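Novice: sequence unknown, structure follows:
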């Protein structure tokens, strides 16, 4: 079982639900059933939700691959933590009353660092397994 991946997936799912509810609430408040109705706050909420949905699956796949290939748990925990922190920072940036640009940038940096580290570690692990 992919225990660490399951924990990160659960944490990220709770954030995804929060972002979803944020979009739903803004749609209700603004009486917009489809699209953003020209509302900047709704457009930002939709893109924050979409951005989350675009990045999280790849991060979880890479994390699960590391864990399935028996990479030491501390590495899985660390890399999963960097990626998850990035997603949490990014989501929080858009859940504040006024979007927080600094937190948004920090979130994307952590997300991209995490993805790159997850991908590189998977490649390195594969090369080591082939050589040995």
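Specialist: Cool, got the structure. As the structure is a computational prediction, the values presented were derived from the model and not from experiment.
Novice: who are the contact partners of residue 60?
Specialist: When contacts are counted by C-beta atoms under 8 Å, 6 or more residues apart in numbering, residue 60 touches 5, 8-9, 12. Where C-beta positions appear, they are placed from N, C-alpha and C, glycine not excepted.
Novice: again, but for residue 104
Specialist: Contacts of residue 104 (C-beta under 8 Å, 6+ apart): 89-90, 93-94.
Novice: do the same with residue 79
Specialist: 63, 66, 114, 117-118, 121.
Novice: ok, and the most crowded of the contacts of residue 104?
Specialist: residue 90 (26 neighbours; other C-beta atoms under 10 Å).
Novice: give the contact list for the nearest residue to it once chain neighbours are set aside.
Specialist: Nearest non-adjacent residue to residue 90, counting by C-beta to C-beta, 6 or more residues apart in numbering: residue 107, 2.9 Å away. Going by C-beta under 8 Å, 6+ apart, residue 107 touches 86-93.
Novice: from the residues you listed, which is closest to residue 28?
Specialist: The nearest member of those to residue 28, counting by C-beta to C-beta, is residue 91 at 20.1 Å.
Novice: want to throw the contacts of residue 107 into a markdown table with distance to residue 51, secondary structure and pLDDT?
Specialist: What follows is those, written out as a markdown table (distance: C-beta to C-beta, whole Å; DSSP: H, G, I helix; E, B strand; the rest coil; pLDDT from 0 to 100):
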| residue | distance to residue 51 | secondary structure | pLDDT |
| --- | --- | --- | --- |
| 86 | 11 | helix | 98 |
| 87 | 9 | helix | 97 |
| 88 | 13 | helix | 97 |
| 89 | 12 | helix | 97 |
| 90 | 7 | helix | 95 |
| 91 | 9 | helix | 94 |
| 92 | 13 | helix | 94 |
| 93 | 10 | helix | 93 |
